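Chemist: got a predicted structure plus its sequence, pasted below:
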Amino acid sequence: MLLLLMLGVALVWGAFRAAVRVPVLVLVTLFSGPPALPLEWKPPPYPQRANAEPHLNAWAARLLGNPINVRCVVERLEPATGNVLEAKELGLYQLRLAPLDFIYAAEGGQGGQQAEIEQRILYTMTRMPGGFAPGSLLRVSHERKPGWKASELSYGEFNEVLRTARRMISAVRAIDAADLNLPERKEDFSVDVAELETRAGSASGWFQKTLNELRLSLNTPETASLESIRDWMLRAATFGVTGAIPLSAAGDSPSDRGILLTQASSIEKELRQRFEQFTALASGFNPNTATPEDRRRLALARMGVLFGKAFVALPRFTAANAVELEKALADSAKAQDGDPLASTTWFQRMARVRDGVARLNATLNYAEALNAGEKLKLTVAQLPYSPDDRWVGLALKSGQKLPGGKLSLVVQSSAPIDVRQPLAGLLIDEWVEVVPSATETTGIALQYDHPSAAPPQTILVAAPPEVELPWTVWSLQQVLLETLDLARIRAVDPDALDEVGHYLPALYFAFNFEGHTVSTDFTKIK
């Protein structure tokens with residue numbers, strides 16, 4: 001019975017696999033117009049990452065919230081016992097970092113290695129007026145303090161928000177016009193390559209200047225300004241160089257000089273290797289004969305070398321189907337049967353089974369809880385556009401068939417999107433959905449006993465070897481064995497007989513030497 005049930009399941013599953021396929025479901029974030037950084041985020045002194053990718057920098061600010069609300073408590077410890085002697089506080093805004101600097105800051109590793117943000121907090125605390133003296137044993141507390149407002153965060157709480165946003169941004173990619181159109185439609189290249197090359201060129205200029213200044217300091221180790229070395233090391237940190245936060249926060253003693261020069265030497269080596277890779281990318285590249293696609297790839301590859309492989313740069317592009325896309329987005333509520341929250345329900349369900357959707361969902365949950373500026377706001381666009389279209393993400397009505405060949409775009413943006421302007425965006429997740437048909441014809445095979453009554457095809461008639469004696473089991477067995485032997489002889493393939501085969505067809509006659517039964521002796525024929 002178990003075998004029959006498994007067979008039935010296999011047949012039903014096979015029927016579902018032949019069901020209608022919705023081509024693509026795509027979840028993206030879109031940005032249009034000039035990027036706007038929230039007022040609470042002040043311009044950083046080292047804006048390399050922010051200038052290289054302003055749209056993503058502005059979005060990260062709306063995900064992380066107001067830095068003024070993050071209170072970082074630094075504790076000074078007793079070296080012998082590890083007891084807390086005193087604690088002081090600074091605001092996260094005092095680090096003077098861009099939102100992307102937080103996103104791409106190195107996380108802590110094994111063996112007690114501090115995260116880059118913690119290193120910056122301790123560095124700032126040592127240098128600020130009223131801070132701890134250089135050389136103190138310090139640590140950053142992750143705990144909240146009693147009496148804080150509900151809107152205020154400890155460093156530990158902010159770090160959880162940061163890690164969630166970092167996981168989401170590190171798993172996405174930039175989109176272009178082809179991602180917003182049907183796959184079968186041919187797209188003309190519409191990326192603003194010149195604007196992308198300008199950003200890459202500006203970043204390379206700051207990178208080379210940082211490298212040259214560090215080289216100059218290392219060439220004159222006895223007279224180099226330690227404050228200048230610290231400054232250029234912090235600039236190197238904005239290019240994603242690990243371990244670039246100065247280990248000596250203040251002072252000009254010989255030990256401070258030795259520590260900083262050793263650290264600067266390691267940083268200079270890393271910058272030099274990157275610059276060599278950067279230069280090698282352009283080897284043999286002729287911008288006059290290169291295609292726009294080649295120029296875009298080169299610009300993105302260059303920024304990847306300068307800022308690290310994890311850095312995401314968003315090219316600006318123009319949507320070729322802007323008119324159709326604008327109409328489809330305007331009809332979002334209509335496509336959802338008049339329920340604009342239908343896409344929200346779909347999003348929450350997909351977050352349970354799709355990793356990309358889950359990462360965005362977790363990030364937006366934190367942003368909404370912090371009132372950071374970004375919130376879940378989905379708009380649905382279905383292509384090719386039809387005024388009477390119904391979103392494929394909805395449950396089918398009775399008797400309704402699912403249309404094929406549809407591209408379903410779900411756009412996340414808390415700000416209005418003008419698709420006629422240059423766009424930039426991130427691909428959060430995409431997949432091809434397999435939807436079963438409403439009804440299927442299937443069947444099941446059952447085992448049954450073969451009927452025992454059937455007409456014979458061959459009848460064997462045998463005479464007893466000795467007429468006077470009755471049949472015995474042994475004699476009957478011998479007759480059957482002899483019959484089988486004769487059958488094998490008669491069933492021999494002519495190819496198996498080799499040279500004898502050409503004598504066939506022929507007849508085989510048995511000869512009985514004892515004379516007990518009728519037989520033919522051909523030796524007596526003359």
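Modeler: Arrived safely, thanks for sending.
Chemist: buried residues in whichever strand or helix holds Thr345?
Modeler: For Thr345, the host element (DSSP states H and E) is helix 342-350. By neighbour count on 16 or more other C-beta atoms under 10 Å, the buried set for helix 342-350 is 342-343, 346-347, 350. (Each C-beta comes from the backbone N, C-alpha and C, glycine too.)
Chemist: which parts of the stretch 401-526 of the chain are helices?
Modeler: Taking DSSP state H, counting those that start in this stretch to define them, one finds helices in the stretch 401-526 of the chain at 473-490.
Chemist: what about the strands in the stretch 101-250 of the chain?
Modeler: With strands called from DSSP state E, counting those that start in this stretch, the stretch 101-250 of the chain shows them at 138-141, 153-154, 173-174.
Chemist: could you check how far the closest residue to Arg352 other than its chain neighbours is from Leu90?
Modeler: Once flanking residues are discounted, Arg352 sits nearest to Ala358: 7.4 Å by C-beta to C-beta, 6 or more residues apart in numbering. According to C-beta to C-beta, to the nearest Å, Ala358 and Leu90 sit 34 Å apart.
Chemist: and what of Ala200?
Modeler: In terms of C-beta to C-beta, Ala200 sits 35 Å off from Leu90.
Chemist: these two: who's more crowded?
Modeler: Applying other C-beta atoms under 10 Å to Ala200 and Leu90 shows that Ala200 carries more neighbours, namely 22 against 18.
Chemist: spell out the secondary structure type for the closest residue in space to that one that isn't next to it in sequence.
Modeler: Among residues not flanking Ala200 along the chain, Ala299 sits closest, at 4.4 Å (C-beta to C-beta, 6+ apart). Classification of Ala299 using DSSP: H, G, I helix; E, B strand; the rest coil returns helix.
Chemist: tell me the contacts of Ala299?
Modeler: Neighbour list for Ala299: 193, 196-197, 199-200, 313 [criterion: C-beta atoms under 8 Å, 6 or more residues apart in numbering].
Chemist: restricted to helices, list those.
Modeler: In helices, judged by DSSP state H, the following of those are found: 193, 196-197, 199-200.
Chemist: could you export those as JSON lines, including pLDDT and distance to Arg166?
Modeler: Formatted as JSON lines, those follow (pLDDT from 0 to 100; distance: C-beta to C-beta, whole Å):
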{"residue": "Val193", "pLDDT": "95", "distance to Arg166": "29"}
{"residue": "Leu196", "pLDDT": "96", "distance to Arg166": "24"}
{"residue": "Glu197", "pLDDT": "95", "distance to Arg166": "28"}
{"residue": "Arg199", "pLDDT": "96", "distance to Arg166": "22"}
{"residue": "Ala200", "pLDDT": "95", "distance to Arg166": "23"}
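Chemist: before we move on, the earlier item: between the contacts of Ala299, which is closest to Gly405?
Modeler: Distance to Gly405 across those (C-beta to C-beta) is lowest for Val193, with 31.8 Å.
Chemist: pretty sure the closest one sits against Arg295.
Modeler: Yes. Assessed by C-beta atoms under 8 Å, Val193 is found in contact with Arg295 at 4.8 Å.
Chemist: so for these two, which residue has more residues nearby?
Modeler: Using other C-beta under 10 Å, the more surrounded residue of Val193 and Arg295 is Val193, with 23 against 17.
Chemist: what are the boundaries of the strands in the stretch 351-500 of the chain?
Modeler: For the stretch 351-500 of the chain, applying DSSP E, counting those that start in this stretch gives strands covering 378-383, 407-412, 423-434.
Chemist: which helices and strands sit right next to the last one?
Modeler: Spelled out, it's strand 423-434. strand 21-32, strand 173-174, helix 355-369 (3 or more C-beta pairs under 8 Å, 6 or more residues apart in numbering; DSSP states H and E).
Chemist: which of these sits closest to Ala165?
Modeler: Judged by C-beta to C-beta, the one of these that comes nearest to Ala165 is helix 355-369, at 5.1 Å.
Chemist: so what secondary structure elements neighbour that closest one?
Modeler: On a contact count with 3+ C-beta pairs under 8 Å, 6+ apart, helix 355-369 meets strand 21-32, helix 54-64, helix 155-169, helix 342-350, strand 423-434.
Chemist: from Ala165, how far off is the residue most central in space within the chain?
Modeler: In the chain, the centroid-proximal residue (C-alpha atoms, centre = their mean) is Ala171; its distance is 5.6 Å. Ala171 sits 11 Å away from Ala165, taking C-beta to C-beta as the criterion.
Chemist: sec struct for the closest residue to Leu214 other than its chain neighbours, please.
Modeler: Nearest non-adjacent residue to Leu214, counting by C-beta to C-beta, 6+ apart: Glu268, 4.5 Å away. Following three-state DSSP, Glu268 is assigned to helix.
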